[in-house]
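A.B. asks: Need the 3D shape of this:
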Amino acid sequence: MQLFFNPQLTKNDKQFTFDKTESRHIVKVLRKKIGDSLFITNGKGELFNVELIIANDKNCTVQLISADKKLKPWNYYLHVAIAPTKNIDRFEWFLEKATEIGIDEITPILCDHSERKIIKADRLNRIIESAMKQSLKFNLPKLNGLTLFSDFIAQKHDKNLYIAHCEKIDKPILKSVIKPLKDTTILIGPEGDFSTSEITTAIQNGALPVSLGESRLRTETAGITAIQTVSFINQ
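C.D. replies: As a prediction, the model looks like this:
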């Protein structure tokens, strides 16, 4: 299935016209013709089956045939707050793989030891959209703006809040404390880890310190490990 994305599409629409870039891809690359079927999601759990009625490489137009509600493959809400990496390619890789595995919300956080203090939200959202389409998912993860750690931790969180850090203290491994079918928020720090004061603040605000294993992981690897752990526990 070749999946397209448009967040404005609803089951009440009768027709839809692709922009120039996607129109060219449909006609020149996929070589679709009038009468061919295409599939579009709005990233809100809906899949639309459409028929091509105008095959033009500048403005392909389709007619909606059917709309189906697709249940999310996982029965929990997963939110990861993670510090963007100094090398932005690594953070982009994280976003791509996190979307492929399954995640609901991502908040980039600015920490005491953060080396990257700027992100380009438009580019990052395009990466998430592409990963959603490639992995045939129909729910687009929410990407929040870059948020100060202090502001994030001060927000109201449910009781399933975890902070993964490298300080040598007694802490359980994440897989031993994750609760199946429960909404979960996990904090992942920057290359230099969370500061001691950030860890203390997180604990004071209800976060449980956890380990992701014996290995010292890169930020993006830690994020994927946490997501995969939650996914595994819920299978």
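
A.B. asks: what about Phe91, how many neighbours?
C.D. replies: Neighbour count for Phe91, taken as other CB atoms under 10 Å: 22. Every C-beta, even on glycine, is put in place using the N, C-alpha and C of the backbone.

A.B. asks: and the helix or strand hosting it, what's its mean pLDDT?
C.D. replies: Phe91 belongs to helix 88-101 when assigned by DSSP states H and E. Average pLDDT, helix 88-101: 98.

A.B. asks: Now do the helix or strand that comes right after that helix: everything it contacts.
C.D. replies: Using DSSP H and E, the helix or strand that directly follows helix 88-101 along the chain is strand 105-110. Here strand 105-110 makes contact (CB atoms under 8 Å, 6 or more residues apart in numbering) with 77-84, 91, 95, 98, 117, 119, 128, 141-149, 152, 187.

A.B. asks: Compute the inter-axis angle for strand 105-110 and helix 88-101.
C.D. replies: With axes from the mean of the first three to the mean of the last three CA atoms, to 10 degrees defining the directions, strand 105-110 sits at 160 degrees from helix 88-101.

A.B. asks: Helix or strand next in line after strand 105-110, which one?
C.D. replies: Counting by DSSP H and E, what follows strand 105-110 is helix 121-134.

A.B. asks: quick one: the helices in this structure?
C.D. replies: Counting by DSSP state H, the chain has helices at residues 20-24, 88-101, 121-134, 149-154, 174-177, 196-204, 219-233.

A.B. asks: Of the ones you listed, give the one that comes closest to Asn42.
C.D. replies: helix 121-134 (11.0 Å; CB to CB).
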